[in-house]
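Engineer: Sequence plus predicted model, see below.
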Amino acid sequence: MEHVDGRLRAAVVAAVLGSVLTACGQAAPQHDGAGEPGLGVGHVHGVDIDPADGSLYVAGHYGLFKVTSPTTIARVADRDQDHMGFTIIGPRTFLASGHPSAEDVSPQLPPHLGLIRSTDSGATWTTVSAGGSADFHSIQPAGDTLYAFDSQTSKIWRSFDGGATWTQGTEEKVIDLGAAADLPSRVFATTPDGLKVSEDGGMNFTDVAKAPLLSHVDVSADWLLVGAGADGQIHASQDGGETWTATGKLPGQAVTFTAVDPQRLLAAMEDGTILESKDGGKTFTTAYAAGTG
């Protein structure tokens, strides 16, 4: 089995490098000769559900999009800023990070959005903190605690005031973060070296030795860990990562993954297709077919 693990590890590393090269190769979204944003969503960096109305949102290289049917998608507010990190924390309340639209790049600041917040489902955004310095690739709420992985410092940041101020933790090569409100000091991180856990708010991490190699992880109700493997396999653990059960399987590696609740899972594929499971990952259906709308 060692050779299989090696292939999975190589796939995770390739995913990390691919995300960096594909999504971060340019400081801000580029425009074609007609001045219009590049076609489509671009590389997908986040998917989530707005509890205000159940709408599915897709955050990508060319803006934030609302899925209006399995074949149609609409850019929110006609804004094409690059969302490297994205999460929905309440009705109409979104957090994001990444890079500004080309027309919004400031000559005085590096092209990093820091933490931004919207209270109208992405129609408008305000800067919360770290504008011009931080580029958060994973944003993870845990009750009143907020975690984020900053690609500029390669550190996990923690905030107790919604992201207004931060404490920087340890340096890690993080792909994704997972945490929950009932134990906010515990945070999981997927890395090219495997799943890791911190019990002190991101200051120190140890290996979750028995975990499968995951590209993404989420913590759902009752501390159910749900993750997507580099091979697309969905894994779940109900004992903090000591034992794991394989459920269903995606058709390929996910580029982003969200557990809305223990049964409802969302995954974006490399081509931008969004898949949804309503049975804990046993089966998936197409929520949005890339290239159709």
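Structural biologist: Everything's here; your move.
Engineer: The residue nearest to the spatial centre of the chain sits in which helix or strand?
Structural biologist: Centroid-nearest residue in the chain: G46, 4.6 Å away (criterion: CA atoms, centre = their mean). For G46, the element it lies in under DSSP states H and E is strand 44-50.
Engineer: Show me what the longest strand anywhere in the chain packs onto, helices and strands only.
Structural biologist: Identified as the longest strand of the chain according to DSSP state E is strand 82-90. The elements that strand 82-90 packs onto, with contact taken as 3 or more CB pairs under 8 Å, 6 or more residues apart in numbering; DSSP states H and E, are helix 2-24, strand 44-50, strand 55-60, strand 63-69, strand 93-99, strand 136-142. C-beta: built from backbone N, CA, C; applies to glycine.
Engineer: Alpha carbons only: can I get that strand in PDB?
Structural biologist: Extracted as PDB, the C-alpha positions of strand 82-90 are listed here (Å, rounded to 0.1, in the frame of the first residue of the first chain):
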ATOM      1  CA  ASP A  82     -10.400  37.000  -7.500                       C
ATOM      2  CA  HIS A  83     -11.700  35.200  -4.400                       C
ATOM      3  CA  MET A  84      -8.900  33.000  -3.100                       C
ATOM      4  CA  GLY A  85     -10.700  32.300   0.200                       C
ATOM      5  CA  PHE A  86     -14.500  32.300   0.700                       C
ATOM      6  CA  THR A  87     -17.000  31.200   3.300                       C
ATOM      7  CA  ILE A  88     -20.600  32.100   4.300                       C
ATOM      8  CA  ILE A  89     -21.000  32.700   8.000                       C
ATOM      9  CA  GLY A  90     -24.700  33.600   8.200                       C
END
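Engineer: So for it, what gets flagged as buried?
Structural biologist: 82-88 (16 or more other CB atoms under 10 Å).
Engineer: Turn those residues into a markdown table, columns for pLDDT.
Structural biologist: Compiled in a markdown table, the buried residues of strand 82-90 are given as follows (pLDDT from 0 to 100):
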| residue | pLDDT |
| --- | --- |
| D82 | 96 |
| H83 | 96 |
| M84 | 97 |
| G85 | 98 |
| F86 | 98 |
| T87 | 98 |
| I88 | 98 |
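Engineer: circling back: can you list the strands that the strand holding G46 pairs with?
Structural biologist: On the basis of DSSP bridges, the sheet neighbours of strand 44-50 come out as strand 55-60 (antiparallel).
Engineer: The strand it pairs with: how far from the chain's middle?
Structural biologist: Once both centres are worked out by CA atoms, centre = their mean, to the nearest Å, strand 55-60 turns out to sit 11 Å from its chain's centre.
Engineer: Would you mark the buried spots in it?
Structural biologist: When burial is assessed from 16+ other CB under 10 Å, strand 55-60 yields the following buried residues: 56-60.
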